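Engineer: Next come a sequence and a model predicted from it.
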Amino acid sequence: MQSQAKVHRTVVVGGGSVGLLYAARLAVAGQTVTVVTRSSLQANQLAQNGIIYTQLDGELRLVPIDACPIEQGLPEADLYLLTVKQTDLPAILPALRRLNSTARIIALQNGMGHHELLHDVLSEGRSFFAINTEGARRLSGTEVVHTGSGVLRVGPWENGNSSDPVIQSFVEWATSVGIQAVLEKSIKPYAWRKLMANSLINPLTALFEIPNGALLDNPHTEKLMRELFQEASAVAEYAGQKLGETDWQEIVAICRNTSRNLSSMLQDVKRHRQTEVESINGYIVKLGKLAGIPTPLHETLFRVITLKSAMGMGKEGGDSK
Ligand SMILES: NC(=O)C1=CN([C@@H]2O[C@H](COP(=O)(O)OP(=O)(O)OC[C@H]3O[C@@H](n4cnc5c(N)ncnc54)[C@H](OP(=O)(O)O)[C@@H]3O)[C@@H](O)[C@H]2O)C=CC1
Ligand SMILES: CC(C)(CO)C(=O)C(=O)O
């Protein structure tokens, strides 16, 4: 589907699940897009073979794509989509610092911490954030499957400039190709609600090695989730986010709607890759300490997952193929 929205040069930083999904969709819609990968091997594979993209309806598409490794620096563009994990953001900050001042950046990470990091290296009004509930799964360096539909909320962190032309045009493009994209005045409340869901579902599914829906099958795990929710809600309130029963019900609905999914943290643990627990439960613990709010359950899960992950690191991991 070719979009009528204005064409910008877009660079997708990170050739993982989310990066390949958005790069493929941008390219299919006729946008100029380059994927910047960590390894030269993946960049060569992408440039030679393109992205093998399985759409939600099961249709398979071969999408030609430009790609280069990060060691060559970031190519010039109007828009940069950051799709690396929170843990890999610090490594790309020097490259972001060198970008042209007209360039806009959208960070798509789960968890918290990216806002502060980007604020430190980019001047006011250049960094934007997205909360993405679309599901994607990379099968290899060149293959990605769109696993679930969702919403892409984009905007400044907190009541900033939501009428930036590059960002507006990105949202228009996304809408025109069938993505449920919404331009928000402030992403912070959505980031907090996603953090709450991830801080309950991800570590428990990773610890017990169960799919998301199984958390609701057992009264003990559901009770534990409730207690984790209460602990984190007190910290959220300190951060200016008042959460209540509706937010709890939304987390229960996420478990139900993604009942057969393996959470990203469980997938990372199984593949012996670093998890995002530090920017999820670790963030709640850190902020709790600052506010003098005890978070013993989040702290225990943070430590247990860090340990579980460290015990598996270095063993063979990687893609699902
Ligand atoms: N997958 C999903 O459905 C969803 C994911 N998210 C969030 O989106 C973010 C990305 O997730 P996801 O795509 O699943 O993660 P992946 O691990 O699949 O992808 C991250 C990619 O970043 C690459 N990368 C790491 N460091 C660098 C670097 N210095 N330069 C260039 N590339 C680099 C990695 O390379 P390499 O392959 O070499 O390690 C990897 O390909 C996370 O914060 C996640 O929580 C949010 C909603 C849904
Ligand atoms: C919403 C949820 C829990 C879906 O699996 C997710 O975002 C993740 O796995 O990281």
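Structural biologist: Sure, I can see it. Owing to the predicted nature of the structure, the values given are computational and were not obtained by experimental measurement. Ligands and ions are numbered 1, 2, ... in the order given.

Engineer: Tell me where the stretch 51-200 of the chain is predicted with low confidence.
Structural biologist: For the stretch 51-200 of the chain, no stretch has pLDDT under 70.

Engineer: For it, list the residues in contact with ligand 1, please.
Structural biologist: 70, 83-86, 88, 91-92, 108-110, 132, 135-136, 138 (Cβ under 6 Å from any ligand atom). Using the backbone N, CA and C atoms, a C-beta is placed for each residue, glycine as well.

Engineer: Now the closest residue to ligand 1 within the chain. Its backbone dihedrals?
Structural biologist: Nearest residue of the chain to ligand 1: Gly16, at 1.7 Å (Cβ to the nearest ligand atom). Torsion angles at Gly16 (phi, psi; degrees, to the nearest 10) stand at phi -100, psi -160.

Engineer: Quick check, it in contact with Val84.
Structural biologist: Yes: if you go by Cβ atoms under 8 Å, Gly16 and Val84 touch, sitting 7.4 Å apart.

Engineer: Assign a three-state SS to Thr147, would you?
Structural biologist: Three-state call for Thr147 (DSSP: H, G, I helix; E, B strand; the rest coil): strand.

Engineer: Could you report the neighbour count for it?
Structural biologist: Here the count is done by other Cβ atoms under 10 Å, and Thr147 has 16 residues near it.

Engineer: got a list of what it touches?
Structural biologist: Contacts for Thr147 (Cβ atoms under 8 Å, 6 or more residues apart in numbering) come out as Gly135, Ala136, Arg137, Asn261.

Engineer: can you name the two of these that are farthest apart?
Structural biologist: Pairwise distances across the contacts of Thr147 peak at 11.6 Å for Ala136 and Asn261 (criterion: Cβ to Cβ).

Engineer: Spell out which residues of the stretch 151-300 of the chain are next to ligand 2.
Structural biologist: Going by Cβ under 6 Å from any ligand atom, the residues of the stretch 151-300 of the chain near ligand 2 are Ala197, Asn198, Ile201, Asn202, Asn212, Ile254, Thr258, Asn261, Ser263, Ser264.

Engineer: rerun that using 8 Å as the cut-off
Structural biologist: 194, 197-198, 201-202, 205, 212, 254-255, 258, 261-267, 276 (Cβ under 8 Å from any ligand atom).

Engineer: Kindly present the contacts of Thr147 as TSV, with separate columns for secondary structure and neighbour count.
Structural biologist: Converted to TSV, the contacts of Thr147 look like this (DSSP: H, G, I helix; E, B strand; the rest coil; neighbours: other Cβ atoms under 10 Å):
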residue	secondary structure	neighbour count
Gly135	strand	18
Ala136	strand	21
Arg137	strand	22
Asn261	coil	20
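
Engineer: Grab the most central residue of this structure for me.
Structural biologist: Closest residue to the average C-alpha location of the chain: Gln109 at 3.3 Å, with Cα atoms, centre = their mean.

Engineer: ok, that one to Lys194 distance?
Structural biologist: Applying Cβ to Cβ, to the nearest Å, the value for Gln109 to Lys194 is 10 Å.

Engineer: got it, and Gly125?
Structural biologist: Taking Cβ to Cβ, one finds Gly125 at 23 Å from Lys194.

Engineer: The two - which one has more neighbours?
Structural biologist: The neighbour comparison of Gly125 against Lys194 (other Cβ under 10 Å) goes to Lys194, with 21 against 12.

Engineer: and the closest residue in space to that one that isn't next to it in sequence, what does it touch?
Structural biologist: Computed as Cβ to Cβ, 6 or more residues apart in numbering, the closest residue to Lys194 that is not its neighbour in sequence is Ile131, at 5.2 Å. Contact analysis of Ile131 by Cβ under 8 Å, 6+ apart lists Val151, Leu152, Arg153, Ile187, Tyr190, Ala191, Lys194.

Engineer: For the closest residue in space to the first one that isn't next to it in sequence, list the residues it contacts.
Structural biologist: Distance criterion Cβ to Cβ, 6+ apart; nearest residue to Val151, sequence neighbours excluded, is Gln180 at 4.6 Å. If you count contacts by Cβ under 8 Å, 6+ apart, Gln180 has them with Ser149, Gly150, Val151, Leu152.

Engineer: same deal with Glu222?
Structural biologist: Contacts of Glu222 (Cβ under 8 Å, 6+ apart): Leu215, Leu216.
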